[in-house]
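Build the 3D model from these lines:
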Amino acid sequence: MSARDLKDLFRCLGLTRHDAEVYTVLLMQGPLTITGLAKELGKHRPQIYESLERLKSKGLVEASEGKPALYRAVEPDVLIGIFDEEMMSLKERAVMYLKSIERETPPPTEYTVWMLRSYKGLIRRFRDVIRRAEVDLAVCGGPRFLRDIVGDLVSAQERGIAVYVIAYEVPGEALDLDMLRPLKKVKVAVSGDLMVIRDSEQGVLAQRRLGPRARPGYGLLIEEPALIDYLLHDFFNRWIRSKPMRDESLKLPASFTMFRIAVLEAMRLIREGIGLWARLEGRWVDTGKQGVLEGRVVDVVMDMTTGLVHFVVESRGARIRAGGPDAIVEEFATRKIHLKEVEAGG
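Numbers count the residues shown, from 1 in each chain. Modelled structure (predicted):
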């Protein structure tokens with residue numbers, strides 16, 4: 001910490017740079033009288049007196065009752081404690097004020113893509129998106145990026161979020177696989193972009209254009225459904241081509257918004273002889289009406305040549321094909337998937 005840092009901290013407390021200088025001299029040489037302080041700092045007595053009054057009001061300086069009075073600075077630990085208390089109080093008041101603001105509902109926008117212009121801002125957004133996840137997360141990134149967010153990913157998994165991570169091997173930078181061991185779904189691939197998508201609704205994307213080790217200072221916050229769908233298609237294609245590091249069997253019941261990942265997991269469970277019951281939320285393709293399709297999963301189709309990917313669900317005596325959110329040839333377009341186990345063949 002430098003003298004400049006200390007002055008910045010004092011400014012946060014509502015004090016001046018001169019107050020910081022008075023405190024520092026008292027910490028180094030005190031106790032001192034006002035005359036002694038004025039001599040050390042080369043300032044006039046009224047200036048010193050005003051600073052001492054402000055410092056005493058914050059609890060940063062103590063005064064004796066003698067004549068002339070002596071002044072001394074409190075210990076740095078006390079200063080930091082006072083700073084923490086004031087910042088917490090300020091934060092609470094600011095949050096109360098922000099929550100009291102009545103906001104108008106913004107008009108719908110045709111394109112919802114927002115630019116982020118700093119790495120710190122990007123990381124805050126990445127972490128915010130992870131913390132807001134309610135169903136699932138698709139994540140891509142290199143070693144440094146994953147170190148920045150792995151704690152949030154583990155916390156998301158612990159609260160029941162399906163977390164899928166593609167870790168990139170960056171030239172000249174070791175990938176710490178031990179760091180990722182708490183995560184149940186991790187694959188390793190060649191280098192690529194940094195990305196987090198939550199619940200197929202919101203994502204943050206950053207490209208590294210200044211070299212593999214550089215931290216990007218530019219990125220996008222994406223809420224446009226068509227772009228989210230495109231990015232998830234790309235994520236799925238990378239996922240199936242990547243080398244597994246850890247790929248635990250899915251624990252049921254489970255929920256997804258990532259349609260192709262859900263189909264992939266269902267195929268695996270069916271191959272293991274597990275019977276599946278699905279509750280699919282979405283819309284009926286022929287009418288466009290929102291609805292729910294529920295029944296036994298009797299088949300899953302994933303044809304990488306034609307691009308056909310869907311569930312076949314037996315419901316009320318009929319077999320209905322349920323595709324993804326952009327389904328055209330299937331009878332049902334799925335937005336959210338809930339899977340649970342039933343007796344196989346029952």
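
Quick check: Arg246 is in a strand.
Yes. Under DSSP: H, G, I helix; E, B strand; the rest coil, Arg246 falls within a strand.

That one reaches Lys185, doesn't it?
Yes. Assessed by CB atoms under 8 Å, Arg246 is found in contact with Lys185 at 6.9 Å. Just so you know, the C-beta spots here come from the backbone N, C-alpha and C atoms, and that holds for glycine as well.

what's the neighbour count on the residue nearest to His44 when sequence neighbours are not counted?
If the residues on either side of it in the chain are set aside, His44 comes closest to Ala38, at 6.5 Å by CB to CB, 6 or more residues apart in numbering. Ala38 has 17 neighbours, counted by other CB atoms under 10 Å.

So for Arg246 and Lys185, which sits in the more crowded spot?
The neighbour count for Arg246 versus Lys185, taken as other CB under 10 Å, is higher for Lys185 (22 against 15).

now the more buried one, which residues is it bridged with?
Lys185 has the following beta-bridge partners by DSSP bridges: Asp247.

Spit out the contact partners of it.
Ala162, Val163, Tyr164, Val165, Arg246, Asp247, Glu248 (CB atoms under 8 Å, 6 or more residues apart in numbering).

Compare those and tell me which is most surrounded.
Val165 (25 neighbours).

Would you mind confirming that that one is in contact with Arg181?
No. Using CB under 8 Å as the test, Val165 is too far from Arg181 to be in contact (11.5 Å).

so which strand or helix has the residue positioned nearest the centre of the chain?
Centroid-nearest residue in the chain, with CA atoms, centre = their mean: Arg127, separated by 1.4 Å. Arg127 belongs to helix 119-132 when elements are defined using DSSP states H and E.

my guess is the residue nearest to the centre of the chain meets Asp152, correct?
Yes. When contacts are counted by CB under 8 Å, Arg127 is listed as touching Asp152 (5.1 Å).

which strands and helices sit next to the longest strand seen in the chain?
Counting by DSSP state E, the longest strand found in the chain is strand 290-303. Helices and strands touching strand 290-303, by 3 or more CB pairs under 8 Å, 6 or more residues apart in numbering; DSSP states H and E, are helix 259-271, strand 275-284, strand 308-315, strand 318-323, strand 332-342.

Wasn't Ala69 part of a helix?
No. Secondary structure of Ala69 (three-state DSSP): coil, not part of a helix.

pretty sure it is touching Thr35, no?
No. The pair Ala69 / Thr35 is not scored as a contact, 10.5 Å apart, by CB under 8 Å.

what's in contact with the top helix by length along the chain?
Taking DSSP state H as the criterion, the chain has its longest helix at helix 76-100. If you take CB under 8 Å, 6+ apart as the criterion, helix 76-100 is touched by Leu9, Cys12, Leu13, Tyr23, Leu27, Lys58, Gly59, Leu60.

Of all pairs in the contacts of Lys185, which one is the farthest apart?
Ala162 and Arg246 (13.8 Å; CB to CB).

From His233, how far off is Ala189?
16 Å (CB to CB, to the nearest Å).

actually Pro182, not the one I typed
From Pro182 to His233 the distance is 28 Å (CB to CB).

Also Phe126?
For Phe126 relative to His233 (CB to CB), the value is 21 Å.

more neighbours, the two?
Phe126 (26 against 15).

ok so, going back, of the contacts of helix 76-100, which is the nearest to Asp229?
Cys12 (44.7 Å).

Show the pLDDT at the closest one.
pLDDT, Cys12: 87.

separation between it and Glu86?
8 Å.

Quick one: end-to-end length of stretch 263-281, please.
Distance across stretch 263-281, first residue to last, is 15 Å (CA to CA, to the nearest Å).

so can I have TSV of the contacts of Lys185 showing distance to Glu343 and pLDDT?
Listed next are these as TSV, based on distance: CB to CB, whole Å; pLDDT from 0 to 100:
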residue	distance to Glu343	pLDDT
Ala162	24	97
Val163	29	98
Tyr164	29	98
Val165	33	97
Arg246	29	92
Asp247	26	93
Glu248	23	94
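
so can I have JSON lines of the residues you listed showing distance to Ala278?
JSON lines is the format used below for the contacts of Lys185 (distance: CB to CB, whole Å):
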{"residue": "Ala162", "distance to Ala278": "15"}
{"residue": "Val163", "distance to Ala278": "21"}
{"residue": "Tyr164", "distance to Ala278": "19"}
{"residue": "Val165", "distance to Ala278": "25"}
{"residue": "Arg246", "distance to Ala278": "26"}
{"residue": "Asp247", "distance to Ala278": "22"}
{"residue": "Glu248", "distance to Ala278": "21"}
